[in-house]
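A.B. asks: Need a 3D model of the sequence below.
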Amino acid sequence: EPARKAVFSLTVTVDKHLDVVANTPVRRRAVDARDGSKQVVEFMETPRMSTYLLALCVGEFEYAQAQTETGVLVRVLCTEGKAAKCEFAVGVAVRALEYLEGFFGVAFPLAKMDMIAVPDFA
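C.D. replies: Numbering: from 1, shown residues only. Now for the predicted structure:
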């Protein structure tokens, strides 16, 4: 329901070797006091948004990244060994985001934009 929105605060406990990505940057990362083989990752709060926009990805990722002229970090994440294939996508994403910010006159509302290449869905 697009009319229903909320602010999300995510905290996730995962194995230490795994990467965790969400809509917002990591606020804090620490070793789990109960299980030293795990990490606790806390993300910054999201802006008020629809529930279907919330994203949380856990896995072993590599990425290509760039930054827009307004300072938004843009990353394309992929499975290990495929980061070179993400360079074109990250370049297009930066140009598209900059164009859309100018066209609509509205700044992108988050500090970063991550796009995840999921091979099983390609």
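A.B. asks: use CA for all of it now, contacts and neighbours both
C.D. replies: Will do.
A.B. asks: what helix or strand is the residue sitting furthest away from the middle of the chain on?
C.D. replies: For the chain, the largest distance from the centre (CA atoms, centre = their mean) belongs to Arg34, which lies 27.1 Å off. Using DSSP states H and E, Arg34 falls within no helix or strand.
A.B. asks: who are the neighbours in contact with it?
C.D. replies: Listed by CA atoms under 8 Å, 6 or more residues apart in numbering, the contact set of Arg34 is empty.
A.B. asks: quick one, phi/psi of it?
C.D. replies: phi -90, psi -30 (degrees, to the nearest 10).
A.B. asks: ok, it to Val72 distance?
C.D. replies: 36 Å (CA to CA, to the nearest Å).
A.B. asks: Then Leu18?
C.D. replies: Taking CA to CA, one finds Leu18 at 24 Å from Val72.
A.B. asks: can you check Leu97 too?
C.D. replies: 9 Å.
A.B. asks: what does stretch 53-67 rub up against?
C.D. replies: Under the criterion CA under 8 Å, 6+ apart, residues 8, 17-23, 73-84, 86-87, 90-91, 94 lie in contact with stretch 53-67.
A.B. asks: any weak-confidence spans in this protein?
C.D. replies: Residues of the chain meeting the criterion pLDDT under 70: 1, 121-122.
A.B. asks: Quick one: the helices in it, in order.
C.D. replies: Using DSSP state H, the helices of the chain run over 87-104.
A.B. asks: Show me the strands in it, by range?
C.D. replies: Ranges of strands in the chain, per DSSP state E, are 5-6, 11-15, 19-22, 26-31, 38-43, 49-50, 56-59, 61-67, 73-79, 112-116.
A.B. asks: before we move on, the earlier item: next, show the common contact partners of Leu97 and Val72.
C.D. replies: Phe108.
A.B. asks: Which of Leu18 and Val72 has more residues huddled nearby?
C.D. replies: In this view Leu18 and Val72 are compared by other CA atoms under 10 Å, and Val72 has more residues nearby, 19 against 12.
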